[in-house]
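**Q** How does the following fold in three dimensions:
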Amino acid sequence: MRSIWTILLITDRIKILTFINKEIMSKVTVVGAGNVGATCANVLVTTGVADEVVLIDIKEGLSEGKAMDINQTVNILGLETRLTGVTNDYEKTAGSDVVVITSGIPRKPGMTREELIGTNAKIVKSVTDSILKYSPNAVIVCVSNPMDTMTYLIHKTSGLPKNRIIGMGGALDSARFKYFLSIALNANPKEIEGIVIGGHGDTTMIPLVRFAAYRGVPATNYIDADRLATVAADTMVGGATLTKLLGTSAWYAPGAAAAQVVSAVLHDEKKLISCSALLDGEYGESDLCIGVPCILGKNGIEKIVEFPLNDEEKDLFHKSAEAVHKTNAALAGAL
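**A** Here you go, the predicted structure:
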């Protein structure tokens, strides 16, 4: 039979462990409870990426309603992550480790990402200011479109170090590339390697077909150049294809891609993911955010990886950068 002192010692240890556990709990805020934001929150909760998730929106009751629905799902699945929905109360987001910004108007059929810039720039700047007031040490993941330009806006207006600002686009584009590759190869998507660089737009992204592989073997060993070109073309219009089918922008894959980026940062995964990052000479470009391979970890973007591009790929990348610079020029009134 244990003595009272042993019981007290065990109790004290439990208290200490509980205190430590509370100290290291992770918190993620998702701004915008639309389709993409709610999906991101749902993935974060149902996959146990974070201990606490806050979903915030300007529309009264929207975040609360979606949080209630997701929390009921959590009960069904027997999960433990806490999700809180709030209306425009940024104080509830305090102490967030990572913040995902999905705010902005969605792209309509026939609307280019560039046409979104005026309205979304004002929204993203306001959201960033509100977030940093309560979570000054957060890593920010930008999803709002035009994504490269909104990511650049955050860099120019927030004062944060560049490693703590990540644009999600490349993660989504690469996922779509691997999806179309898996169909062409009739292979397990988990065994496909594929990455997309360049701008997050229908005409600016660059699926790197030369680096595409199946279980480490170049995809060119299995399918011909024409088929690979079709895969690349399908990838580039992947977003527009879904917009035409759905009548609005896609949300499942974008939300999941944002959650993937959050996980890589929150769990210090040191994972190679294509993201929109601020360049300072890498790939021969500077003063813009554009999709490049990045190592993501607890510090955000820990390294930009420079792939050995050939002359054709370099030319495509520079043309993509020129297009992004042109879009960024429309930010003049917001900076």
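**Q** so what are the domain limits for the protein?
**A** For the chain, automatic domain parsing gives the domain ranges 24-168, 170-331.
**Q** possible to save those as a markdown table with mean neighbour count and mean pLDDT?
**A** Yep, even glycine has a C-beta here, placed from its N, CA and C like the rest. Formatted as a markdown table, those follow (neighbours: other C-beta atoms under 10 Å; pLDDT from 0 to 100):
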| stretch | mean neighbour count | mean pLDDT |
| --- | --- | --- |
| domain 24-168 | 20 | 94 |
| domain 170-331 | 19 | 96 |
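**Q** Could you measure from the residue lying closest to L335 once chain neighbours are set aside over to T29?
**A** In space, and not counting its chain neighbours, L335 is closest to K156: 5.3 Å by C-beta to C-beta, 6 or more residues apart in numbering. Separation of K156 from T29 (C-beta to C-beta, to the nearest Å) stands at 22 Å.
**Q** Ok, L62 next?
**A** To T29, L62 is 15 Å away according to C-beta to C-beta.
**Q** again, but for K326
**A** Per C-beta to C-beta, K326 is found 32 Å from T29.
**Q** Make sure T220 is actually in contact with A229.
**A** No: using C-beta atoms under 8 Å, T220 makes no contact with A229, being 11.4 Å away.
**Q** Which neighbours do those two have in common?
**A** Taking C-beta atoms under 8 Å, 6 or more residues apart in numbering as the criterion, T220 and A229 both touch V209.
**Q** For L77, give me its contacts.
**A** Neighbours of L77 in contact, by C-beta under 8 Å, 6+ apart: T46.
**Q** what's the helix or strand hosting L242 packed up against?
**A** If you go by DSSP states H and E, L242 is part of helix 238-246. For helix 238-246, the packing partners by 3 or more C-beta pairs under 8 Å, 6 or more residues apart in numbering; DSSP states H and E come out as helix 169-185.
**Q** ok, L172 to A250 distance?
**A** Between L172 and A250 the distance is 9 Å, computed by C-beta to C-beta.
**Q** and for those two, which residues touch both?
**A** With C-beta under 8 Å, 6+ apart as the test, L172 and A250 reach no residue in common.
**Q** For my notes, confirm the residue nearest to L335 occurs in a helix.
**A** Yes: counting by DSSP: H, G, I helix; E, B strand; the rest coil, K156 is located in a helix.
**Q** pretty sure it contacts N328?
**A** No: using C-beta under 8 Å, K156 makes no contact with N328, being 9.2 Å away.
**Q** As a check, name the ranges of all helices in the stretch 201-335 of the chain.
**A** Assignment of helices within the stretch 201-335 of the chain using DSSP state H, counting those that start in this stretch yields the ranges 225-236, 238-246, 252-266, 311-328.
**Q** closest to K303 out of those helices?
**A** Across those, K303 has its closest neighbour in helix 252-266 (12.5 Å, C-beta to C-beta).
**Q** now for that closest one, which elements pack on it?
**A** Helix 252-266 sits against strand 27-31, helix 35-46, strand 98-101, strand 139-142, helix 169-185, strand 271-280, strand 286-297, with contacts defined as 3+ C-beta pairs under 8 Å, 6+ apart.
**Q** Sheet partners, orientation included, of the third one?
**A** When pairing is defined by DSSP bridges, strand 98-101 lines up against strand 27-31 (parallel), strand 139-142 (parallel).
**Q** export those to TSV and tack on distance to K190?
**A** Conversion of the strands paired with strand 98-101 to TSV gives the following (distance: least, C-beta to C-beta, whole Å):
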stretch	distance to K190
strand 27-31	25
strand 139-142	23
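**Q** I165 contacts A138, correct?
**A** No: judged on C-beta under 8 Å, I165 makes no contact with A138 at a distance of 10.1 Å.
**Q** ranges for the helices of the stretch 51-200 of the chain?
**A** Remark: helices assigned in the stretch 51-200 of the chain by DSSP H, counting those that start in this stretch are 62-77, 117-134, 147-158, 169-185.
**Q** and the helices and strands packed on helix 252-266 as a markdown table, adding distance to K314?
**A** As requested, the helices and strands packed on helix 252-266 are exported to a markdown table (distance: least, C-beta to C-beta, whole Å):
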| stretch | distance to K314 |
| --- | --- |
| strand 27-31 | 36 |
| helix 35-46 | 32 |
| strand 98-101 | 31 |
| strand 139-142 | 26 |
| helix 169-185 | 17 |
| strand 271-280 | 14 |
| strand 286-297 | 13 |
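**Q** Nice, that's everything, thank you.
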